[in-house]
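Undergrad: Give me a 3D structure for the following:
(2 chains)
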2 protein chains.
Amino acid sequence: MRTMGRQLSLNAFLHDTGHHEASWRHPESGAERVGDITWYQDLARRAEAAKLDAVFLADGPVWWGTGHRPSNQFEPITLLTALATATEKIGLIATASTSYYAPYNLARLFGSLDRISGGRAGWNIVTTQGDEAAANFGQDRAADPATRYERAQEFVDVITKLWDSWEDDAEVVDRTSGVFVDTAKVHAINHVGKHLSVKGPFNAPRTPQGRPVYVQAGSSNDGRNFAGRNAEAIFTAHQTLADAQAFYADIKAKAVGFGRDPESVKVLPGISPFIGDTEAEARELYEEFNRLTVPAYGLKQLEGIAGISLSHLELDEPVPADIFGGAGNVLDNNRSRLQVVANIVERDRPTVRQLLHRLAGGRGHNVVHGTPVQIADTIQEWFEGGAADGFNVLPPLYPQHLDAFTSKVVPILQERGLFRTEYTGSTLREHYGLDRPVSQYAEQSAAADAS
Amino acid sequence: MRTMGRQLSLNAFLHDTGHHEASWRHPESGAERVGDITWYQDLARRAEAAKLDAVFLADGPVWWGTGHRPSNQFEPITLLTALATATEKIGLIATASTSYYAPYNLARLFGSLDRISGGRAGWNIVTTQGDEAAANFGQDRAADPATRYERAQEFVDVITKLWDSWEDDAEVVDRTSGVFVDTAKVHAINHVGKHLSVKGPFNAPRTPQGRPVYVQAGSSNDGRNFAGRNAEAIFTAHQTLADAQAFYADIKAKAVGFGRDPESVKVLPGISPFIGDTEAEARELYEEFNRLTVPAYGLKQLEGIAGISLSHLELDEPVPADIFGGAGNVLDNNRSRLQVVANIVERDRPTVRQLLHRLAGGRGHNVVHGTPVQIADTIQEWFEGGAADGFNVLPPLYPQHLDAFTSKVVPILQERGLFRTEYTGSTLREHYGLDRPVSQYAEQSAAADAS
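TA: Numbering: from 1, shown residues only, chains lettered A, B, ... in the order given. Down below sits the predicted model:
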């Protein structure tokens, strides 16, 4: 290691053929392989070879109904389990919904992933907006955001108790006495709350990390408060340094407000880099992908964010200045994303087609194009400028653009002493520099013993 | 292949250190490794090397509260995912509850396992008795058996529709037109029923097997009806040939009553073999394990089955003849197990200690001890005598007793032309000789096209 200074966290956000919405149409895409588990195992191995902190999977328990992109072929926790067995060090973060899972089931799934992977699991905690998902779980409509976040907080409290319910030394495995488990160190949680009642205890010993790393990705007001209280890593979308700095300061202040160490909350904006050996080459790569887009698909996605019809717009006319200022039927989690879009319109006055191209790469995440040094400079500027503790990297095309990032940008970051050249730990908590939590029941037992 | 006659199906029922309740206390047990995924991967590879049909995992979403045995360290579907990546051919059957899962979530988990494994998933469908499990899911008490099975039937109907909702050729992946999915071949299921409302469609393409193999293991009256209607493989516990024959005939008749081919329902009793080169050696092995038991643990298990207190009994006195005939608080799924126990008492007049030993090996499953030829003879007798289509094998100690079975008994069965020497298929359906189901929506589309 050239340095022991503050280090970047870098995740690879996995997404079928890549994050650009038209990536699967690229002649060299893996469109035919997205249902093949070895496709994802290969991507995870590449990310691990570059010493990235983690791979990440988004998720929603619903089909989005589009014929223009691959759908998820795998459920994320089982997918990450298959990646766990194909890798040794890299963290494994899956998204799962507090609205549509029972905490006991989800505790078992993530607990098992944490054990199988030797302590590499992370849980991206989402509340899942939208009535389409609700309709797959017996509900006509999704609960309102405040209620969803209220349940999410109770869910996190309950699942944390389940993961804490076995003290670390509960298993004694004494052949002579016939005692496998010291039952005094296994605790019922006896939770009875507004949304959930769970007796416990958990049905397995404490996991290698104590509990998975808690991740959060919503930027709504409720989402930020939830993140400040619970999250250990936050994925977020910003187009400008100034926006990212404001968000970063807000989250860290919220964490402090909840009595937490701001260092224990990693803020990781998304970045989707088109990398060329020259600026012109990078720009041409970006434009090549945008030429592959299906405008009707992009327009439908944008309508989904804005909650209004846009089908009357001409593709090569400027976007009307005030179109995203009206009172569309905007879902809560989409408000911050819509603000990103409105800011682009106000700042850059794009045509409809240009706006769709801006969104095609990363659905509101920061799409950049440039030389490896330019990309590294941007990363360093955000990292040292109070905007980021690291990045969630969204390669437009897998694996080619992940490889371009890891082979050309990562070495520059390593050279500058900003990123590891070898793993120094073997759990996701260790990669992120997070403590392993003490079981709240072990703490209570210790306090009782001391009194 | 020496023969193409009717073939045995043989599963390895995985269970921490082995099925004998005291197996973990054996000096050569893997007690320290049951939290290590490579322990199970090694067992699955051994079972696959012997060309067994499948490995099987029991499950309940609850901690049984005993300090005298290892608990499940892994959630079964994630565990089997890790086994899928360590093997190539062997089937992977996990137990999951229709009472405590949402069908959309479970469809995703098993669908993903089926895809990751290349078509090797089986689902052991249980309704989960007992108030302890209910209390982990917001319920004071478990629903009564009739209600649980009513929901189970609706659950199976819904999850089958979800797995059928993508026709096999829905994915077109046409780069030129920009069409990845033919949305006309993806169908909402629009289920609104008494227990469940699920709109669908599923959010992933149809899985390799169309759907996992449906397995069932309850022997209650409700359970048998459910099995006759839905199950493609049935795990069951019988101590005598006559009892097994009666069950076999009943299940096949029930399947026919539901309009099904009786060949499409495989009846697989459990067998837990202690194998010795001589009869005396086998008997001594059996007794060696029984000497390791903790009587208090065995008594507690028996109390759980019988629903009455037994703590007043003397270990070395005969079991009172009528003790299991009274009106204990017997859970429905335990009735058939309790009948097995009552039959042992009536037939063999054991002491309490002897009865506990009889149950210690397989919790009511058929524990046998003998030479390899004797074990093979029993298997053949049941297989050819209308009592079994194969067996769920419960080795008392893993891996030693699995190895004894596969190295000494399986070759005899192969020599007799009763069991494969090589896999002839690569999916669990192929191993069991079951058809791949046609999507009900594809059938409807075909019918509409033809009219």
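Undergrad: how about the strands in chain A?
TA: For chain A, the strands defined by DSSP state E occupy A:9-13, A:54-57, A:91-97, A:121-126, A:171-174, A:179-181, A:191-192, A:197-198, A:213-216, A:233-236, A:266-275, A:366-370, A:390-393.
Undergrad: Can you tell me which helices and strands the fifth one packs against?
TA: Right, strand A:171-174. strand A:179-181 (3 or more C-beta pairs under 8 Å, 6 or more residues apart in numbering or on different chains; DSSP states H and E). Any C-beta I mention is one placed from the backbone N, CA and C, and that applies to glycine too.
Undergrad: Direction included, what does the strand it packs on pair against?
TA: Partner strands for strand A:179-181, per DSSP bridges, with pairing direction: strand A:171-174 (antiparallel).
Undergrad: avg pLDDT for the strand it pairs with?
TA: Averaged across strand A:171-174, the pLDDT comes to 96.
Undergrad: List the buried residues of that strand.
TA: By neighbour count on 16 or more other C-beta atoms under 10 Å in any protein chain shown, the buried set for strand A:171-174 is A:E171.
Undergrad: What distance do you get for A:V294 to chain B?
TA: As judged by C-beta to the nearest C-beta, to the nearest Å, A:V294 and chain B stand 4 Å apart.
Undergrad: Look up phi and psi at that residue.
TA: phi -100, psi 110 (degrees, to the nearest 10).
Undergrad: rewinding a little: adding distance to B:V158 as columns, could you present the strands of chain A in TSV?
TA: Shown next, in TSV, are the strands of chain A (distance: least, C-beta to C-beta, whole Å):
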stretch	distance to B:V158
strand A:9-13	32
strand A:54-57	25
strand A:91-97	19
strand A:121-126	24
strand A:171-174	39
strand A:179-181	37
strand A:191-192	29
strand A:197-198	25
strand A:213-216	31
strand A:233-236	33
strand A:266-275	36
strand A:366-370	40
strand A:390-393	35
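Undergrad: Identify whichever of the ones you listed lies nearest to B:D322.
TA: strand A:179-181 (34.7 Å; C-beta to C-beta).
Undergrad: can you list contacts of that closest one?
TA: With contact meaning C-beta atoms under 8 Å, 6 or more residues apart in numbering or on different chains, strand A:179-181 is reached by A:170-174, B:24, B:31, B:66-71.
Undergrad: swap the cut-off to 7 Å and go again
TA: Contacting residues not belonging to strand A:179-181 are listed as A:170-173, B:24, B:67-71 [C-beta atoms under 7 Å, 6 or more residues apart in numbering or on different chains].
Undergrad: With stretch A:281-294 instead?
TA: Here stretch A:281-294 makes contact (C-beta under 7 Å, 6+ apart) with A:20-23, A:25-26, A:68, A:274-276, A:356-357, A:360, A:369-371, A:396, B:178.
Undergrad: Report the buried residues of it.
TA: For stretch A:281-294, by 16+ other C-beta under 10 Å, it's A:282, A:285-286, A:289-290, A:292-294.
Undergrad: low pLDDT regions in chain A?
TA: Within chain A, the ranges that satisfy pLDDT under 70 run A:1-4, A:326-333.
Undergrad: and the gap between the spatially most distant residue from the centre of it and B:E28?
TA: Largest separation from the mean C-alpha position in chain A: A:T176, at 47.0 Å (C-alpha atoms, centre = their mean). The gap separating A:T176 from B:E28 is 15 Å, by C-beta to C-beta, to the nearest Å.
Undergrad: Between the buried residues of stretch A:281-294, which sits nearest B:F56?
TA: A:V294 (46.1 Å).
Undergrad: Would you mind measuring from the closest one to B:G178?
TA: Separation of A:V294 from B:G178 (C-beta to C-beta): 4 Å.
Undergrad: quick one: common contacting residues for those two?
TA: A:H68.
Undergrad: dump the residue contacts of A:L196.
TA: So A:L196 contacts A:103, A:154-155, A:158, B:138 (C-beta under 7 Å, 6+ apart).
Undergrad: Please narrow the residues you listed to those residing in helices.
TA: Under the assignment DSSP state H, those contribute A:103, A:154-155, A:158 to helices.
Undergrad: Make JSON lines from those residues and add distance to B:A133 and neighbour count to it.
TA: Below are the ones in helices among the contacts of A:L196 laid out as JSON lines (distance: C-beta to C-beta, whole Å; neighbours: other C-beta atoms under 10 Å in any protein chain shown):
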{"residue": "A:P103", "distance to B:A133": "14", "neighbour count": "26"}
{"residue": "A:E154", "distance to B:A133": "21", "neighbour count": "18"}
{"residue": "A:F155", "distance to B:A133": "19", "neighbour count": "23"}
{"residue": "A:V158", "distance to B:A133": "16", "neighbour count": "24"}
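Undergrad: Chain B contacts on the stretch 251-400 of chain A?
TA: A:V294 (C-beta under 7 Å from any C-beta of the partner chain).
Undergrad: If we use 8 Å, what do you get?
TA: Residues of the stretch 251-400 of chain A lying close to chain B (C-beta under 8 Å from any C-beta of the partner chain) are A:294, A:297.
Undergrad: quick one: the residue nearest to A:S117 when sequence neighbours are not counted from A:I93, how far?
TA: Computed as C-beta to C-beta, 6 or more residues apart in numbering or on different chains, the closest residue to A:S117 that is not its neighbour in sequence is A:A84, at 3.7 Å. Noted for A:A84: a distance of 12 Å to A:I93, by C-beta to C-beta.
Undergrad: before we move on, what about A:S439?
TA: A:S439 is 22 Å from A:I93, by C-beta to C-beta.
Undergrad: what do you get for A:E167?
TA: Per C-beta to C-beta, A:E167 is found 26 Å from A:I93.
Undergrad: And A:A54, by the same measure?
TA: For A:A54, the distance to A:I93 - C-beta to C-beta - is 5 Å.
Undergrad: wait, isn't A:A58 in contact with A:H19?
TA: No - counting by C-beta atoms under 8 Å, A:A58 sits too far from A:H19 to count as a contact (10.2 Å).
Undergrad: Pick out whichever of these two has more residues nearby.
TA: The neighbour count for A:A58 versus A:H19, taken as other C-beta atoms under 10 Å in any protein chain shown, is higher for A:H19 (24 against 17).
Undergrad: Report the contact partners of that one.
TA: Counted by C-beta under 8 Å, 6+ apart, A:H19 has contacts A:13, A:272, A:361-363, A:365, A:394-396.
Undergrad: Which members of the contacts of strand A:179-181 are classed as buried?
TA: The neighbour-count criterion (16+ other C-beta under 10 Å) marks A:170-171, B:24, B:67-71 among those as buried.
Undergrad: B:S336: which of those is nearest?
TA: Nearest to B:S336, judged by C-beta to C-beta, of those is B:R69 at 22.8 Å.
Undergrad: tell me the phi and psi of the closest one?
TA: According to degrees, to the nearest 10, B:R69 has phi -140, psi 160.
Undergrad: So it versus A:G91, what's the distance?
TA: Distance check for B:R69 against A:G91: by C-beta to C-beta, it reads 33 Å.
Undergrad: now swap in A:D316 and tell me
TA: From A:D316 across to A:G91, the span is 44 Å (C-beta to C-beta).
Undergrad: the more surrounded of the two?
TA: Neighbour tally, A:D316 and A:G91, criterion other C-beta under 10 Å: the higher count belongs to A:G91, 31 against 9.
Undergrad: Who is the more buried one paired with across the strands?
TA: Assigned bridge partners for A:G91, using DSSP bridges, are A:A54.
Undergrad: Is it correct that it is in contact with A:D53?
TA: Yes - counting by C-beta under 8 Å, A:G91 touches A:D53, with 5.5 Å between them.
Undergrad: what residues are shared contacts of those two?
TA: A:11, A:428, A:431-432.
Undergrad: hang on, A:P350 packs against A:N343?
TA: No - using C-beta under 8 Å, A:P350 makes no contact with A:N343, being 11.6 Å away.
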